[in-house]
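S.K.: Give the three-dimensional model of this entry:
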Amino acid sequence: MFDLQGYGPILLQGTILTIKLGLASLVFGLLFGLLGALAKLSGVWILQKIANAYTTIVRGIPELLMVFFIFFGGSVILAAIARQMGYTGRIDVSQFWAGVAALSIMFGAYATEVFRMAIQDIPKGQWESAQSIGMTPIQTLTRIILPQMWMVALPGLGNLALVLLKDTALVSLIGLQDLMYFSQRAAQSTQKPFTFYLAAAFIYLALTSVITLFTMWCESRANPAARYAKLLHKHSGGRS
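M.R.: Residues are numbered from 1 along each chain as shown. Here you go, the predicted model:
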């Protein structure tokens, strides 16, 4: 058993904040990724250039630099905008929302390519068939393409979600009191870094295990044919 010397409650508090940070970043990151993929596949020149620039720049910048840029640069940019509007007071960027912005932007850049490849994997004949029965492009996208896209994209998105959760640890460097932040403080106060960093490692491992199991469940639910084949195999006693 770990002797956390009374730091268990604050590690739990940090874990809860880490989960909130990861979930918020995942929601916005999925939105950025989907919009980026649709822009790349839109056929509109300016949208394609913007999406290509977004993915190229973000994927070429280290995650830590992105966190610092959003947190420190965000204050500078917002202050400059505010001065143009006549406001001269101090503007501070929330550590939590700076972290959400940075992680969402990074997740979205990688998710863009996952979504793009998943959409391209769907046969073009389905677009043509939907058009032939009078469906609009928006109806085709929302009713035919996107539901199938998730089946193809789920494994890639699951891997990105694992990376996202681990990247939340970077936000502790701008003062957000997440799991890594409290683990560092507890290690410094007790002079037992191995104990608290190992405890943090087990917590991250537990969280990533939950994500892995959830992704596997989603893949199973999204592919009823595979689930039915598995049931048949089970009821047949494993006979081929």
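
S.K.: Show me the shaky parts of this protein.
M.R.: The chain contains residues with pLDDT under 70 at 1-2, 223-240.

S.K.: Spatially central residue in it, please.
M.R.: With distances taken as Cα atoms, centre = their mean, the chain has Leu26 as the residue nearest its mean C-alpha position (3.5 Å).

S.K.: phi, psi of that residue?
M.R.: For Leu26, the backbone dihedrals (degrees, to the nearest 10) come out as phi -60, psi -40.

S.K.: So that it lines up with my notes, have the first residue be 865 from now on.
M.R.: Yes, from this point I'll number from 865; that puts the last item at Leu890.

S.K.: and it, what does it touch?
M.R.: By Cβ atoms under 8 Å, 6 or more residues apart in numbering, the contact set of Leu890 is 971, 1025, 1028. C-betas here are computed from N, CA, C, even on glycine.

S.K.: redo that, cut-off 10 Å
M.R.: Applying Cβ atoms under 10 Å, 6 or more residues apart in numbering, we find Leu890 in contact with 964, 967-968, 971, 975, 1021, 1024-1025, 1028-1029, 1075.

S.K.: next one: Phe892
M.R.: Applying Cβ under 10 Å, 6+ apart, one finds that Phe892 lies in contact with 964-965, 967-969, 971-972.

S.K.: I'd like the residues you listed as JSON lines, with neighbour count and distance to Thr879 appended.
M.R.: What follows is the contacts of Phe892, written out as JSON lines (neighbours: other Cβ atoms under 10 Å; distance: Cβ to Cβ, whole Å):
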{"residue": "Val964", "neighbour count": "24", "distance to Thr879": "17"}
{"residue": "Ala965", "neighbour count": "21", "distance to Thr879": "22"}
{"residue": "Leu967", "neighbour count": "28", "distance to Thr879": "17"}
{"residue": "Ser968", "neighbour count": "24", "distance to Thr879": "20"}
{"residue": "Ile969", "neighbour count": "20", "distance to Thr879": "24"}
{"residue": "Phe971", "neighbour count": "26", "distance to Thr879": "20"}
{"residue": "Gly972", "neighbour count": "25", "distance to Thr879": "25"}
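
S.K.: which of those residues lies closest to Pro1011?
M.R.: Checking the contacts of Phe892 against Pro1011 with Cβ to Cβ, the nearest one is Gly972 at 20.8 Å.

S.K.: In this structure that closest one contacts Val964, no?
M.R.: No. Taking contacts as Cβ atoms under 10 Å, Gly972 lies outside contact range of Val964: 11.7 Å.

S.K.: Next, show the common contact partners of those two.
M.R.: 889, 892-893.

S.K.: any chance of those in JSON lines, plus distance to Met1013?
M.R.: Listed next are the shared contacts of Gly972 and Val964 as JSON lines, based on distance: Cβ to Cβ, whole Å:
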{"residue": "Ser889", "distance to Met1013": "21"}
{"residue": "Phe892", "distance to Met1013": "19"}
{"residue": "Gly893", "distance to Met1013": "16"}
